[in-house]
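S.K.: Generate coordinates for the sequence data below:
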Amino acid sequence: GGGGGGGGGGGGGGGGGGGGGGGGGGGGGGGQETYKLPHRLIEKKRRDRINECIAQLKDLLPEHLKLTTLGHLEKAVVLELTLKHVKALTNLIEQQQQKIIALQSGLQAGESQTGVSLCVCDGLSLGSL
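M.R.: Next comes the predicted model:
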């Protein structure tokens, strides 16, 4: 997935150079038109993929984040809100993991004092986030 995006970016640079050459020479323009059409389609597909991914990210955002702006969410805003939300979730997971470690340590200390062993789940449910 990431490799394909890099290839599209490289093609964009080549397209700019090809457009300049076509303007300079009338004879060369015909040959370059055969290059430009597929290049335009490739660029359109790349933009469509980016737009589709941004739309999916927007759908994944919680409603309270979507309501922070009025009307239509711009692509840049969707990306910024997604980044903010992912960072918040990452921090929350780290806090929960620290709580689990602290509770497990407390249980182990209690086991050694009482001789009673309790079962503790090792996982973290993201469903409650």
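
S.K.: Just the buried residues of the longest helix belonging to the chain, please?
M.R.: Determined from DSSP state H, the single longest helix within the chain is helix 75-114. Buried residues in helix 75-114, counting neighbours by 16 or more other CB atoms under 10 Å, are found at 78, 81-82. Glycine gets a C-beta too; all of them are placed from N, C-alpha and C.

S.K.: Listing request: residues of the protein with sub-threshold pLDDT.
M.R.: Counting by pLDDT under 70, the chain shows low-confidence ranges at 1-35, 69-70, 111-129.

S.K.: who's in contact with residue 81?
M.R.: The contact partners of residue 81, by CB atoms under 8 Å, 6 or more residues apart in numbering, come to 61, 65-66, 68, 73.

S.K.: ok, of these, which one's closest to residue 37?
M.R.: The shortest distance between residue 37 and any of the contacts of residue 81, using CB to CB, involves residue 73 and amounts to 33.0 Å.

S.K.: Tell me the spacing between residue 60 and residue 54.
M.R.: According to CB to CB, to the nearest Å, residue 60 stands 11 Å off from residue 54.

S.K.: and if you look at residue 102?
M.R.: Plainly put, residue 102 is 39 Å away from residue 54 if you go by CB to CB.

S.K.: Please apply the same query to residue 97.
M.R.: 30 Å.
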